[in-house]
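**Q** based on what follows, work out the 3D shape:
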Amino acid sequence: MSKLILAQSDNLTTDRYSSLSDSQINEIVARRFQISSSKFEPCKNASDAWQIILDNKISITEDGGAWEASIDFVSPTGSHGTNEILTKFYECENPLRAAMMVCLMMWDRKDEINNTQR
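**A** Numbering: from 1, shown residues only. Down below sits the predicted model:
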């Protein structure tokens with residue numbers, strides 16, 4: 001299995017989400033999990049974000065004053081029908097927002113792949 005790293009600037013999805021407020025990102029994540037968004041704040045509340053971070057194996061590291069979240073996932077997009085491991089990452093001052101951003105990026109990529117395979 002080969003590994004393909006998709007950087008923050010390589011993905012139009014990042015641009016779409018980076019302009020959103022924390023509240024808007026919280027709402028999108030809540031809809032994805034079918035959770036009432038009124039008190040669900042994974043961009044601000046670690047107890048709301050933690051299960052998503054664990055379930056999706058999101059890594060969060062500090063990098064010179066900014067936080068970087070990254071996620072690896074298997075994608076059936078390789079040449080000759082092989083699978084590849086894709087890495088998405090996002091860097092910002094808020095580690096929880098960064099984690100939710102890479103989660104949204106992963107979901108979009110998986111949805112995109114699923115739609116092209118139909």
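**Q** for the protein, which spans come out with low pLDDT?
**A** Applying pLDDT under 70 to the chain flags the ranges 1-15, 37, 75-82, 113-114, 116-118.
**Q** where along it do the helices fall?
**A** Secondary structure of the chain (DSSP state H): helices at 12-18, 22-33, 46-55, 95-116.
**Q** check the ones you listed for me and report the most buried one.
**A** Greatest average neighbour count among those goes to helix 95-116 (a mean of 19), per mean count of other C-beta atoms under 10 Å. Heads up, the C-betas are built off the backbone N, CA and C, glycines and all.
**Q** which helices and strands sit right next to that one?
**A** Under the contact definition 3 or more C-beta pairs under 8 Å, 6 or more residues apart in numbering; DSSP states H and E, helix 95-116 sits against helix 12-18, helix 22-33, helix 46-55, strand 59-63, strand 66-75, strand 84-92.
**Q** contacts for the third one next, please.
**A** Okay, so that is helix 46-55. Helix 46-55 is contacted from outside by 29, 33, 40-43, 58, 60, 96, 99-100, 103, using C-beta atoms under 8 Å, 6 or more residues apart in numbering.
**Q** contacting residues for Glu93?
**A** With contact set as C-beta under 8 Å, 6+ apart, Glu93 has these partners: 65-67.
**Q** about what we covered before: how about the helices and strands packed on helix 95-116 in JSON lines, adding distance to Lys110?
**A** As requested, the helices and strands packed on helix 95-116 are exported to JSON lines (distance: least, C-beta to C-beta, whole Å):
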{"stretch": "helix 12-18", "distance to Lys110": "11"}
{"stretch": "helix 22-33", "distance to Lys110": "11"}
{"stretch": "helix 46-55", "distance to Lys110": "14"}
{"stretch": "strand 59-63", "distance to Lys110": "18"}
{"stretch": "strand 66-75", "distance to Lys110": "7"}
{"stretch": "strand 84-92", "distance to Lys110": "9"}
